[in-house]
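Chemist: Predicted coordinates and the sequence they were generated for:
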Amino acid sequence: MNLSTMANLLQQTGDSGKKTASTASIVLAFASVYFFWGSTYTAIRIGAADMPALLLAGTRFLIAGAILLGWCRWRGLRLLWPRREMAMLVVVGLLLLAGGNVGLVYGERYVPSGMSSLIFAVTPLYIALIEMALPGGEPLPARGWLGLSLGFAGLAALLWPTMHNSMDYDAEFLLAIGVLFAGALLWAVGSIVSRRAKLKVNTLVAASWQMLAAGMFCVILGTALGQWQQFHLTASAVGSLAWLITGGSLLGYTAYIYLLEHVPVSKVVSNSYVNPMVAVLLGILLLHERPGPTEFAGMVSIVVAVFLLTTAKVRVKGNPSRAEAID
């Protein structure tokens, strides 16, 4: 995707109403989340080598949030809202970005990007279990559960060679694995909170404040911990940060928030299946990795799982006679 595509999505998300969404805008948003977020695993892995997790995430979100908020002001969108809405935006931003994303960045400092993406793919299971326990949740039909099961089978196939060949686990590696699972849980909770909040705030304005809140929190905490001495702006780090700001935040994150407002959460998080596949393919193209037959079988399973999950019909709340599906 190029800058023209990015501008088109920003235009659609900026002008779309809160309760309606065209098929084209939803397809474009899904494509953005699938591709750009899949590529961010590689970018994070590169950036984490020269920048601490808190400061990498903090500078990324502060810059992206400021750019996006400035664009919203230029478009004449309302920026300030009542305290309840603003507080909820901060909560969602801290859960998704200061919690979920920072957990991912920290994990990738010690865990390969492909493996990290696979661990983060437990997010749909977290969401499915949480939604089932909450009143008025979004239970998946048999087709959806089949997709989840097949997806995790594919993820296991992708993960097995790495686990099989990595028998010497040190304390930092095991801690990073735990942080990745915790980060995925925080991302799941943040996604559900964002979906259920039903805020009237424009999609792009919401994303702006969420990124700014998370960015400020991470930079302040990183500064308090004295991490600036570990922050090195090498050429590779600058390239990583630039890609994360543009593709990962300005396009990918806003598209994700947009989908949360118009599509059931269980469908939105299908990116947890596709992103690892993109990460593996980019590893082949950019890092000259050579996945074995098991990994390729896992990727095929994931593609089928995404189809089953995103085409599973989900009951629309308040009208049991209707069902919705993404075509």
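Modeler: Good, I have the coordinates.

Chemist: for the stretch 201-327 of the chain, what spans make up the helices?
Modeler: Remark: helices of the stretch 201-327 of the chain, listed N- to C-terminal, are 203-224, 235-243, 254-262, 265-268, 271-286, 293-311; assignment by DSSP state H, counting those that start in this stretch.

Chemist: Tabulate those in CSV, adding columns for mean neighbour count, distance to Leu62 and mean pLDDT.
Modeler: No exception for glycine: its C-beta is placed from N, CA and C like everyone else's. Below are these laid out as CSV (neighbours: other Cβ atoms under 10 Å; distance: least, Cβ to Cβ, whole Å; pLDDT from 0 to 100):
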stretch, mean neighbour count, distance to Leu62, mean pLDDT
helix 203-224, 23, 3, 95
helix 235-243, 16, 11, 93
helix 254-262, 25, 16, 82
helix 265-268, 24, 25, 73
helix 271-286, 21, 24, 79
helix 293-311, 18, 33, 71
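
Chemist: and of these, who's closest to Trp74?
Modeler: Using Cβ to Cβ as the criterion, the shortest distance between Trp74 and these is 11.2 Å, found for helix 203-224.

Chemist: what's the angle between that closest one and helix 254-262?
Modeler: Between the axis of helix 203-224 and that of helix 254-262 there is an angle of 120 degrees, by axes from the mean of the first three to the mean of the last three Cα atoms, to 10 degrees.

Chemist: Mind giving me the packing neighbours of helix 203-224?
Modeler: When contacts are defined as 3 or more Cβ pairs under 8 Å, 6 or more residues apart in numbering; DSSP states H and E, helix 203-224 sits against helix 3-15, helix 53-74, helix 83-93, helix 254-262.

Chemist: Tabulate the CA atom coordinates of it in PDB.
Modeler: Provided in PDB are the C-alpha atoms of helix 203-224 (Å, rounded to 0.1, in the frame of the first residue of the first chain):
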ATOM      1  CA  THR A 203     -12.500   7.200  15.300                       C
ATOM      2  CA  LEU A 204      -9.400   9.200  14.400                       C
ATOM      3  CA  VAL A 205      -9.800  11.500  17.400                       C
ATOM      4  CA  ALA A 206     -10.100   8.500  19.700                       C
ATOM      5  CA  ALA A 207      -7.000   6.900  18.200                       C
ATOM      6  CA  SER A 208      -5.100  10.200  18.600                       C
ATOM      7  CA  TRP A 209      -5.800  10.600  22.300                       C
ATOM      8  CA  GLN A 210      -5.200   6.900  23.000                       C
ATOM      9  CA  MET A 211      -1.800   7.100  21.400                       C
ATOM     10  CA  LEU A 212      -0.900  10.400  23.100                       C
ATOM     11  CA  ALA A 213      -2.000   9.000  26.500                       C
ATOM     12  CA  ALA A 214       0.000   5.800  26.100                       C
ATOM     13  CA  GLY A 215       3.000   7.700  24.600                       C
ATOM     14  CA  MET A 216       3.200  10.100  27.600                       C
ATOM     15  CA  PHE A 217       2.800   7.300  30.100                       C
ATOM     16  CA  CYS A 218       5.600   5.300  28.500                       C
ATOM     17  CA  VAL A 219       8.000   8.200  28.100                       C
ATOM     18  CA  ILE A 220       7.500   9.400  31.600                       C
ATOM     19  CA  LEU A 221       8.000   5.900  33.000                       C
ATOM     20  CA  GLY A 222      11.000   5.200  30.800                       C
ATOM     21  CA  THR A 223      12.500   8.500  31.900                       C
ATOM     22  CA  ALA A 224      11.900   7.700  35.600                       C
END
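
Chemist: what about stretch 177-186, average pLDDT?
Modeler: For stretch 177-186, the per-residue pLDDT values average out at 92.

Chemist: same check, this time on stretch 102-113
Modeler: Rounded mean pLDDT across stretch 102-113 is 89.

Chemist: Residues in contact with it: which ones?
Modeler: In this structure, residues lying in contact with stretch 102-113 by Cβ atoms under 8 Å, 6 or more residues apart in numbering are 41-42, 44-45, 47-49, 53-54, 56-57, 116, 119-120, 162, 172-173, 175-177, 179-180, 182-184, 186, 218, 279, 283.

Chemist: got the end-to-end distance for that stretch?
Modeler: 14 Å (Cα to Cα, to the nearest Å).

Chemist: For that stretch, what is the distance to the chain centroid?
Modeler: 14 Å (Cα atoms, centre = their mean, to the nearest Å).

Chemist: and if you look at stretch 142-157?
Modeler: Relative to the chain's own centre, stretch 142-157 is displaced by 19 Å; criterion: Cα atoms, centre = their mean.

Chemist: Check stretch 203-212 too.
Modeler: 15 Å.
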